[in-house]
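Enquirer: quick check, what structure comes out for this input:
(2 chains)
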Amino acid sequence: TQLLEQSPQFLSIQEGENLTVYCNSSSVFSSLQWYRQEPGEGPVLLVTVVTGGEVKKLKRLTFQFGDARKDSSLHITAAQPGDTGLYLCAGPRKVGANSKLTFGKGITLSVRP
Amino acid sequence: NAGVTQTPKFQVLKTGQSMTLQCAQDMNHNSMYWYRQDPGMGLRLIYYSASEGTTDKGEVPNGYNVSRLNKREFSLRLESAAPSQTSVYFCASSALTGYSNQPQHFGDGTRLSIL
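Expert: As a prediction, this is how the structure comes out:
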């Protein structure tokens, strides 16, 4: 059972289009993180959302945390080829005394020039 | 700023061979992690070290061992490699564990093929 479901799995769009992708769970998370991974590299943190309903903007990327803290969305305005990559959401899960990140399977985005 | 450095970047092994993947971070982070990434499976935690001197199993620890050599270095060992261990391996670090907002900083991965 995947704790974090990401959709769609694959997305191929033309430069300049807008898009929204999703990260959903049946569990409540204290926070969610979004990472972007480019081919041949490791994931890089884009943003952490902490408060239910929170909206954070990073240039053309807008991240929202659901009111119930069970889901998050990423909206990209006027996508550019540089936005191409694998987008991963991740949330902390308490295991014993520690908290570990659990990752979704990711969304592969391709932006065509 | 090196961040998290993994060596080697690529490796091909034969079934039954052993090898150690190396990871070092220069951010003075307390916690370090080893993940594997397979197509359609996402990132899965193999082992982690919450602090120097401690290690714990993650989701998929079978077939692997780890050593937290010091605060900077965390190695992953495959004692007897199997084709099912063909994957891309990522090392990551974070300042602290147990704090849910801590970002993880990743290396660029080791691409391991086992024939």
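Enquirer: excluding its backbone neighbours, what's nearest the closest residue to chain A within chain B?
Expert: Shortest chain B-to-chain A distance, computed as Cβ to the nearest Cβ: residue-wise this is B:Phe106, at 3.1 Å. Every residue, glycine included, has its C-beta placed from N, CA and C. Distances taken as Cβ to Cβ, 6 or more residues apart in numbering or on different chains place A:Gly42 nearest to B:Phe106, at 3.1 Å, with adjacent residues excluded.
Enquirer: pretty sure that neighbour sits against B:Phe90.
Expert: Yes: proximity of A:Gly42 to B:Phe90 meets the contact threshold set by Cβ atoms under 8 Å, at 5.4 Å.
Enquirer: so what sits against both of these two?
Expert: B:106-107, B:109 (Cβ atoms under 8 Å, 6 or more residues apart in numbering or on different chains).
Enquirer: neighbour count for those residues - can I get that in JSON lines?
Expert: Compiled in JSON lines, the shared contacts of A:Gly42 and B:Phe90 are given as follows (neighbours: other Cβ atoms under 10 Å in any protein chain shown):
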{"residue": "B:Phe106", "neighbour count": "23"}
{"residue": "B:Gly107", "neighbour count": "24"}
{"residue": "B:Gly109", "neighbour count": "23"}
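Enquirer: residues in contact with stretch B:44-60?
Expert: Outside stretch B:44-60, the residues that touch it by Cβ under 8 Å, 6+ apart are A:96, A:98, A:100-101, A:103, B:30-38, B:61, B:64, B:66-68, B:70-71, B:74, B:76, B:89, B:97-98.
Enquirer: could you tell me the end-to-end distance of that stretch?
Expert: Length of stretch B:44-60, first residue to last, Cα to Cα, to the nearest Å: 7 Å.
Enquirer: in it, what counts as buried?
Expert: Judged by neighbour count using 16 or more other Cβ atoms under 10 Å in any protein chain shown, the buried positions of stretch B:44-60 are B:44-51, B:55-56, B:58, B:60.
Enquirer: follow-up on the earlier one: pLDDT score assigned to the residue of chain B closest to chain A?
Expert: B:Phe106 carries a pLDDT score of 96 in this model.
Enquirer: what sits against it?
Expert: Contact analysis of B:Phe106 by Cβ under 8 Å, 6+ apart lists A:42-44, B:4, B:90-92.
Enquirer: try 10 Å
Expert: A:35, A:37, A:41-45, B:3-4, B:6, B:33, B:35, B:43, B:90-93 (Cβ atoms under 10 Å, 6 or more residues apart in numbering or on different chains).
Enquirer: which of these are buried?
Expert: Among those, those scoring as buried are A:35, A:37, A:42-43, A:45, B:4, B:6, B:33, B:35, B:43, B:90-93 (criterion: 16+ other Cβ under 10 Å).
Enquirer: where does the chain dip in pLDDT?
Expert: The chain I'm using is chain A. Within chain A, the stretches with pLDDT under 70 are A:1-2, A:95-98.
Enquirer: try again with chain B
Expert: Judged by pLDDT under 70, chain B has its weakly predicted residues at B:1, B:97-101.
Enquirer: and the strands in chain A?
Expert: For chain A, the strands identified by DSSP state E occupy A:5-7, A:10-14, A:19-24, A:32-37, A:44-49, A:55-58, A:61-65, A:71-76, A:85-95, A:98-103, A:107-112, in order along the chain.
Enquirer: just those strands: most buried one?
Expert: Per residue and on average, the most neighbours among the strands of chain A fall to strand A:32-37, with a mean of 24 (mean count of other Cβ atoms under 10 Å in any protein chain shown).
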